[in-house]
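[1] requesting a structural model of the entry that follows:
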Amino acid sequence: MGLVHRFILGCVLLPAAVSAAAAPAQYAFDPVHTRVQFAVDHAGFSKAIGTVSGTTGTLVFDPDDWTLSRVEASIPMGRVDLGDAEWNQATLARNLLDAERYPVATFVSTRVEPIDDQRAIVHGDLTLRGETRPVALQVVLNGRKRHPLPPFRRTVGFSATAALSRADFGIDAWRSMIGDAVELRLEVEATRSRGGGSDVEAPEDGVPENVPPEGASPPARDATPAAATP
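    Below you'll find the model as predicted:
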């Protein structure tokens, strides 16, 4: 192939290669290692703290351009846990979360505002108890690397905080006992979906996904997926 032909071929293929390399990757939430925590004033004596497990959803993430990232999450309200069965039942009742009629809360991002390489503000719409309101999450990227346990998939982890008014979502019962301001903390892990974007840069240790890192034992045939590991 002549020099001219190679130059023309390079001009044709390079933009496609650059585009593929820059495409953000898609991840699926790990519902075992993703947790929502909330804190709300309890009659002025303490902050009642609860958690919600089992969040599912998808994350599209480009570490080089956070503005291209987006997230959709579904939070099962029936899994609210305040550490006491009667308290849980009261919280899920119709005058508060009304989980029977509204069993799932959702968050859908609308835009991402980068702060630096590790932090961003994720703006989005939270739908809770049938009401949709804007919420801004203060997000920190904790890590992005191949998971050290089978199946050794690329994983990202984030911590996030936010604040909201429960009255904005129609949750206004027991005002003398339960504060209006709710503090949120989220711990999120998400695993790259198969075929979910290029994300083609080499792993930090130089070993492809699904291959044990040096010194690790290869996964057994019945190896527990990463989502089910502690």
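[2] mind listing the helices for this protein?
    3-22, 85-92 (DSSP state H).
[3] low-confidence ranges in the protein?
    For the chain, the stretches with pLDDT under 70 are 1-22, 195-230.
[4] what residue is smack in the middle of it?
    residue 188 (4.5 Å; Cα atoms, centre = their mean).
[5] mind listing what it touches?
    29, 34, 55, 59, 157, 158, 159, 160 (Cβ atoms under 8 Å, 6 or more residues apart in numbering). Bear in mind the C-beta positions are built from the backbone N, C-alpha and C, glycine included.
[6] what pairs with the closest residue to residue 143 other than its chain neighbours across the strands?
    Leaving out its chain neighbours, the residue that sits closest to residue 143 by Cβ to Cβ, 6 or more residues apart in numbering is residue 157, at 4.9 Å. Applying DSSP bridges to residue 157 yields these beta-bridge partners: residue 143, residue 189.
[7] next, work out how far apart residue 157 and residue 23 are.
    According to Cβ to Cβ, to the nearest Å, residue 157 and residue 23 sit 21 Å apart.
[8] again with residue 76
    31 Å.
[9] please apply the same query to residue 174.
    Taking Cβ to Cβ, one finds residue 174 at 48 Å from residue 23.
[10] ok, these two, which is more surrounded?
    residue 23 (16 against 12; other Cβ atoms under 10 Å).
[11] quick one: the strands in the protein, in order.
    Secondary structure of the chain, counting by DSSP state E: strands at 25-29, 35-42, 46-53, 56-61, 70-76, 80-81, 104-114, 119-128, 131-146, 154-165, 178-192.
[12] mind giving me JSON lines with the ones you listed and columns for distance to residue 95?
    Below are the strands of the chain laid out as JSON lines (distance: least, Cβ to Cβ, whole Å):
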{"stretch": "strand 25-29", "distance to residue 95": "30"}
{"stretch": "strand 35-42", "distance to residue 95": "15"}
{"stretch": "strand 46-53", "distance to residue 95": "16"}
{"stretch": "strand 56-61", "distance to residue 95": "27"}
{"stretch": "strand 70-76", "distance to residue 95": "20"}
{"stretch": "strand 80-81", "distance to residue 95": "15"}
{"stretch": "strand 104-114", "distance to residue 95": "17"}
{"stretch": "strand 119-128", "distance to residue 95": "15"}
{"stretch": "strand 131-146", "distance to residue 95": "15"}
{"stretch": "strand 154-165", "distance to residue 95": "17"}
{"stretch": "strand 178-192", "distance to residue 95": "11"}
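[13] among those, which is the most enclosed?
    Per residue and on average, the most neighbours among the strands of the chain fall to strand 25-29, with a mean of 21 (mean count of other Cβ atoms under 10 Å).
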